[in-house]
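*Asks:* Next input, structure requested:
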Amino acid sequence: MASKSNLSVVIDIGTSKLVALAGRVTELGKMEILGVAKTPSKGIKRGVIFNLADVIESISKVLGLLDDQLEDEIEVVDVAYAGKEMKTVNYQASRFTGEGGVVSNFDIDELYNEAKNVELKSGYRILKVIPTSFVIDDEIEELKPVGVTGKKIEARYKLVVIPEVDLINLQRVFESVGVELGEVYHSSLAIAEAVLPKHEKEMGTVVLDMGAGTSNLAVFYENSLVHTAVIPFAGDVITNDLKCGCATFMEKAELLKVKYGQALGDQIKSEDTVTIAKNNGWEPKEITIKSLAYIIQARLEEIVEIVNSEIEKSGVKDLLGTGIVVTGGTSSLENIITLVKYHTGMDARMAYSVVHPVNRKDEVKSPDMYTALGALKLALTNVEAPVRILPEPGNKSRSGKSIFPNFKGALQSAINFFDDGSEDLELK
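*Replies:* Numbers count the residues shown, from 1 in each chain. Predicted structure coming up:
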């Protein structure tokens, strides 16, 4: 979202850290980074706010660090968020076209408004309305239906929804900080924007973000995101397993994981040991690096089995032309790609950024910046296209060849950046 200038500010709200970026679009249409800030997060558990005071303190700190780098005042902040209960809802709407028998702007607007205003049960609120396809007279058309001849049009949407309590808590936090909460982006969609090139989305791929509190995945096929999931297990549960298995403190368990941890015990041939120091007169302990790896491997296998199940739920696993792109702090464990390949039967690779700002590249090239970088790209796209604009009806053959300009604006941005799919949620 923009403030006085075309400045956009985003925060990736994670379980272990907050990452904030400020940027704008240059006259040449490139991303320019104006500010970078990062701080440990407090009050977040498995992606969900549980202590408002702690979160307010963390947000205030990261925005303060960012504000020191900016000339413009921060007024609105977009966030990338991955609460474990965020979902997408399938919704269909239909109507008959006017007397001319041609799909018009009015038809599309009416269908969109119907989807936007549908009432949800279970305490959810709609964040985004994402068109996935339009069907005219029972023939599937592309996502550009204006001007197609036909008597009846059916629109199929994905509604990105969030628990009302999550959204209310986010609003409370930013009101307390003194800035406006802007867009709320699903973290899986934001990171996909940063690490998936368009051709991989078209061929079919999975992005798996293994963070501290959650493992988030998104499945793309034919340029559409067909499934998402937030798995409430990631690096923190591995650290907790090491704490119990090594009878040590959480801080030391985290250090063991980061410094010596590996994903596959069978890949370690040596019997090297690490000494776990004790306090208050207790004798130090020794544990082999292989034993550490087996503790980590056991939990990773459980997480990846859930990942595999979610990919199966997408219905397109056998159609995916690439594989799994792995990112997040937990993905730094040695041999994790081998483990993911073995337990999913799919190819896998480490993520790299496909977003290239014109400046401060070294500051945003690390994996912990990817979600915020993708969110900033989405925010800047919205700045460039704040109004939903459709062309006047023209004519279009059934072959799909359009003889009028493609529609632009927020709807096209939604198609490009937010196309999503997952489980159904009951509607009123």
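
*Asks:* Between the two ends of stretch 257-271, what distance do you get?
*Replies:* 17 Å (CA to CA, to the nearest Å).

*Asks:* quick one: contacts of that stretch?
*Replies:* With CB atoms under 8 Å, 6 or more residues apart in numbering as the test, stretch 257-271 has contacts from 235, 238-239, 242, 274, 288-294, 296-297, 300, 333-336, 338-339. (Each C-beta comes from the backbone N, C-alpha and C, glycine too.)

*Asks:* got the contact list for the residue nearest the centre of the chain?
*Replies:* Geometric centre of the chain, nearest residue: Ser188, 1.8 Å, by CA atoms, centre = their mean. For Ser188, the contact set (CB under 8 Å, 6+ apart) comprises Ala82, Val207, Asp209, Asn216, Leu217, Ala218, Leu225, Thr228, Val230.

*Asks:* try it again with 6 Å
*Replies:* Asn216, Ala218, Thr228 (CB atoms under 6 Å, 6 or more residues apart in numbering).

*Asks:* and it, that's in a helix?
*Replies:* Yes - counting by DSSP: H, G, I helix; E, B strand; the rest coil, Ser188 falls inside a helix.

*Asks:* Distance check, it against Lys87.
*Replies:* 12 Å (CB to CB, to the nearest Å).

*Asks:* helix/strand/coil for Val79?
*Replies:* Relying on three-state DSSP, one would call Val79 strand.

*Asks:* I figured it hits Ile13, correct?
*Replies:* Yes - at 5.5 Å, Val79 counts as touching Ile13 under the criterion of CB atoms under 6 Å.

*Asks:* check contacts around Val25.
*Replies:* Taking CB under 6 Å, 6+ apart as the test, what Val25 contacts is Leu380.

*Asks:* bridging residues for it?
*Replies:* Counting by DSSP bridges, Val25 forms beta bridges with Met31.

*Asks:* go on, Val19?
*Replies:* Applying DSSP bridges, one finds that Val19 bridges with Asp12, Lys38.

*Asks:* Give me the neighbour count for it.
*Replies:* Other residues near Val19 number 25, with proximity taken as other CB atoms under 10 Å.

*Asks:* host element of Phe220?
*Replies:* strand 215-221 (DSSP states H and E).

*Asks:* Report the distance from the next helix or strand after that strand to the chain centre.
*Replies:* As assigned by DSSP H and E, the chain's next helix or strand after strand 215-221 is strand 224-231. How far strand 224-231 lies from its chain's middle: 9 Å, per CA atoms, centre = their mean, to the nearest Å.

*Asks:* ok so, going back, return the distance of the residue nearest to the centre of the chain relative to Val230.
*Replies:* Distance from Ser188 to Val230, by CB to CB: 8 Å.

*Asks:* shared neighbours, the two?
*Replies:* In contact with both Ser188 and Val230: Asn216, using CB under 6 Å, 6+ apart.

*Asks:* now the helices: where do they sit in the stretch 301-428 of the chain?
*Replies:* Along the stretch 301-428 of the chain, counting by DSSP state H, counting those that start in this stretch, helices occupy 336-344, 370-384, 410-418.

*Asks:* rewinding a little: the contacts of Ser188, buried ones only, as a PyMOL selection?
*Replies:* Command for PyMOL that selects the buried part of the contacts of Ser188, burial taken from 16 or more other CB atoms under 10 Å:
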select buried, resi 216+218+228
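
*Asks:* Could you export the contacts of Ser188 as TSV, including distance to Met350 and pLDDT?
*Replies:* Below are the contacts of Ser188 laid out as TSV (distance: CB to CB, whole Å; pLDDT from 0 to 100):
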residue	distance to Met350	pLDDT
Asn216	16	89
Ala218	16	89
Thr228	21	82
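
*Asks:* Among the contacts of Ser188, which one lies nearest to Glu110?
*Replies:* Thr228 (28.0 Å; CB to CB).

*Asks:* Wait, that closest one touches Ala218, no?
*Replies:* Yes - between Thr228 and Ala218 there is a contact at 5.0 Å, judged by CB under 6 Å.

*Asks:* so where's the stretch 1-150 of the chain uncertain?
*Replies:* 1-5 (pLDDT under 70).

*Asks:* quick check: mean pLDDT across the helix or strand harbouring Arg299?
*Replies:* When secondary structure is defined by DSSP H and E, Arg299 falls within helix 289-313. The predicted model gives helix 289-313 an average pLDDT of 93.

*Asks:* Contacts for that helix next, please.
*Replies:* 206, 215, 217, 229, 231, 233, 237-238, 241-242, 245, 260-265, 268, 272, 317, 339-340, 343-344.

*Asks:* please redo it, this time with the cut-off set to 7 Å
*Replies:* Under the contact criterion CB atoms under 7 Å, 6 or more residues apart in numbering, helix 289-313 has outside partners 206, 208, 215, 217, 219, 227, 229, 231, 233, 237-238, 241-242, 245, 256-257, 260-265, 268, 271-272, 274, 317, 333, 336, 339-340, 343-344.
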